[in-house]
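J.: quick one: sequence plus predicted model below, questions after.
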Amino acid sequence: MATAPKISSSSVPNDLAPFWMPFTANRSFKARPRMVASAKDMHYFTPEGRKIIDASAGLWCTNAGHNRQPIVEAIQKQAAELDFSPTFQFGHPKAFELASRIAALAPADLDHVFFCNSGSEADDTAMKIALAYHRAKGNASRVRFIGRERGYHGVGFGGTAIGGMVANRKQFGALLAGVDHLQSTYNRAEQAFSVGEPDWGEHLADELDRLVALHDASTIAAVFVEPVSGSTAVLPPPKGYLKRLRQICDKHGILLVFDEVITGYGRLGHAFAAERYGVVPDMICFAKGITSGSVPMGGVIARKGIHDAFMTGPDHVIELFHGYTYSAHPLACAAGLATLDLYRDENLFERARKLEPVWADAVMSLKGLPGVLDIRVVGLMAGIDLASKPDAVGKRGYDAMESGFHDHGIMFRTSGDAIAMSPPLIVTEDQIDEIISKVAAIIKQGA
Ligand SMILES: Cc1ncc(COP(=O)(O)O)c(C=O)c1O
């Protein structure tokens, strides 16, 4: 049975005010904090030692489970060996080793890796690479980006602009110029309670042709999509949709970027969703699962042709004027290598693939509970739409999350009144049952 690891520092801060918490209802949290102090495998533990089952892999990131010994040891060893080394004009071996390992897992000729520290940085990096690539190829007029409604690409100005979550955009002015959006692939009337990728909606990819007709292909740099939208409570792509997007991008010379910050590293039963869907994008953004959430890291994997387009001009001149102080930080690289070892040694991607039908059946058993409007499930992800309370949109979701933590010992994500789940890939069938029975109780209680 999992027990709480020892906690090293003071576990309960005496003043909650100074930390302005991200994407949090600060006043509600501070009135009744949901605090965790340690974690192991499938569980968090509160400062008092109460056990919380993690149904969301933290923030969709601890795919190998929490505090896995090989990752912990790799980080500890690395901290003692090389704390920091610049990757501007210098290098350290693990950065190259990790890039090779990531490239080997990526499909086709996606074989060059640019490191950064988060999903947001990965998206903004891919946007800059797309612009610079077209410029290098003599197509400097290709400056527009196409995102998608209900998409999430982090919180940089680029990612916010191509993202399609209204609440994330409306506070921040005009964002980037020259961004347009495909419509969301979600249609409840056509798709409700689909298991896996819905049958309806492939044709929605054709909207890209309409946007191209409006803006002209010569002005468009890239299309960014999450293969499965995560943050808006799990929207799997309609069957055939991503292939069709690929064809339309090819027809018009537009780059296709898959934001795999959530879908990468086993969440859909493969190293990348690109493999599951049989589509080769021009770039893949990754983060989260690369270190199983243990050290911040993100990056962009680019196809050979994109990378090679930059390798011109005098040898001593920097080819891409972009990078972060902490690109390929030694601790992140050590954590990434240990995490990839764990995924391989424990066959965790395959495990997720095998568990997918068990997970799908379990989650779909919630159909018919009061106020459940739709359930979506794909890979080890699930989204459950709950009916909103009249005049209090988001309150039912908030209450579910709060009661889940305080009363039922479970952590999951919510987006408005939807519950989103994505357990670590080490979840057992018994733990799936436990998660679902807790969620069922919470849904009934909130009805
Ligand atoms: C698809 C996607 N892209 C980008 C991001 C942003 O990642 P980060 O929070 O590491 O900046 C996220 C985070 O959830 C994400 O789900």
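T.: Thanks, I have the structure now. Numbers count the residues shown, from 1 in each chain.
J.: show me the contacts for the residue in the stretch 51-200 of the chain positioned nearest to the ligand.
T.: Proximity of the stretch 51-200 of the chain to the ligand (CB to the nearest ligand atom) peaks at Gly119, 2.2 Å away. For the C-beta atoms, the positions are set from N, CA and C on the backbone; glycine is no exception. Shown in contact with Gly119 (CB atoms under 8 Å, 6 or more residues apart in numbering): His153, Gly154, Gly159, Asp259, Val261, Cys285, Phe286, Ala287, Lys288, Gly298.
J.: report the outermost residue of this protein with respect to its centre.
T.: Distance from the centre of the chain peaks at Pro314, with 37.7 Å (CA atoms, centre = their mean).
J.: tell me the SS of that residue?
T.: coil (DSSP: H, G, I helix; E, B strand; the rest coil).
J.: show me the contacts of Gly119 that map onto helices.
T.: Judged by DSSP state H, the subset of the contacts of Gly119 located in helices is Gly159.
J.: so is stretch 229-246 next to the ligand?
T.: Yes. Applying CB under 6 Å from any ligand atom, one finds stretch 229-246 in contact with the ligand at Gly230, Ser231.
J.: can you pull the buried residues of that stretch?
T.: Buried residues in stretch 229-246, counted by 16 or more other CB atoms under 10 Å: 229-239, 241-242, 244-246.
J.: still on that earlier bit, out of the contacts of Gly119, which touch the ligand?
T.: Contacts with the ligand are made by His153, Gly154, Asp259, Val261, Ala287, Gly298 out of the contacts of Gly119, judged by CB under 6 Å from any ligand atom.
J.: which ones are touching the closest residue to the second one other than its chain neighbours?
T.: So that's Gly154. Once flanking residues are discounted, Gly154 sits nearest to Ser120: 2.8 Å by CB to CB, 6 or more residues apart in numbering. Contacts for Ser120 (CB under 8 Å, 6+ apart) come out as His153, Gly154, Val155, Gly156, Gly159, Gly298.
J.: where does Ser120 land in three-state SS?
T.: Relying on three-state DSSP, one would call Ser120 helix.
J.: now do it, the pLDDT please.
T.: Predicted confidence (pLDDT) for Ser120: 98.
J.: and for the one 4 residues further on?
T.: What the model reports as pLDDT for Asp124 is 98.
J.: and the gap between it and Leu245?
T.: 21 Å (CB to CB, to the nearest Å).
J.: check Gly151 too.
T.: Taking CB to CB, one finds Gly151 at 13 Å from Leu245.
J.: show me the common contact partners of those two, please.
T.: Common contacts of Gly151 and Leu245, defined by CB under 8 Å, 6+ apart, comprise Val225.
J.: I'd assumed Ala106 was in contact with His112.
T.: No. With contact defined as CB atoms under 8 Å, His112 does not count as touching Ala106 (9.6 Å).
J.: of those two, who's got more company?
T.: Ala106 (24 against 20; other CB atoms under 10 Å).
J.: enumerate every residue touching the more buried one.
T.: Ala271, Phe272, Ala274, Ile284, Ile301.
J.: quick one: which of these sit in helices?
T.: Ala274.
J.: run the chain-centre distance for stretch 144-158.
T.: 13 Å (CA atoms, centre = their mean, to the nearest Å).
J.: cool, stretch 64-82 as well?
T.: So, by CA atoms, centre = their mean, the centroid of stretch 64-82 is 22 Å from its chain's centroid.
J.: next, the buried residues of it.
T.: Ala64, Gly65, His66, Asn67, Arg68, Ile71, Ala74, Ile75, Gln78.
J.: stretch 30-44 too?
T.: Here stretch 30-44 shows Arg34, Val36, Ala37, Ser38, Ala39, Lys40, Asp41, Met42, His43, Tyr44 as buried, counting by 16+ other CB under 10 Å.
J.: and the furthest pair within those residues?
T.: Arg34 and Asp41 (19.8 Å; CB to CB).
J.: and the protein, which residues reach the ligand?
T.: So the chain meets the ligand at 60, 118-120, 123, 152-154, 226, 230-231, 259, 261-262, 287, 298 (CB under 6 Å from any ligand atom).
J.: straight-line length of stretch 101-114, end to end?
T.: End-to-end distance of stretch 101-114 (CA to CA, to the nearest Å): 13 Å.
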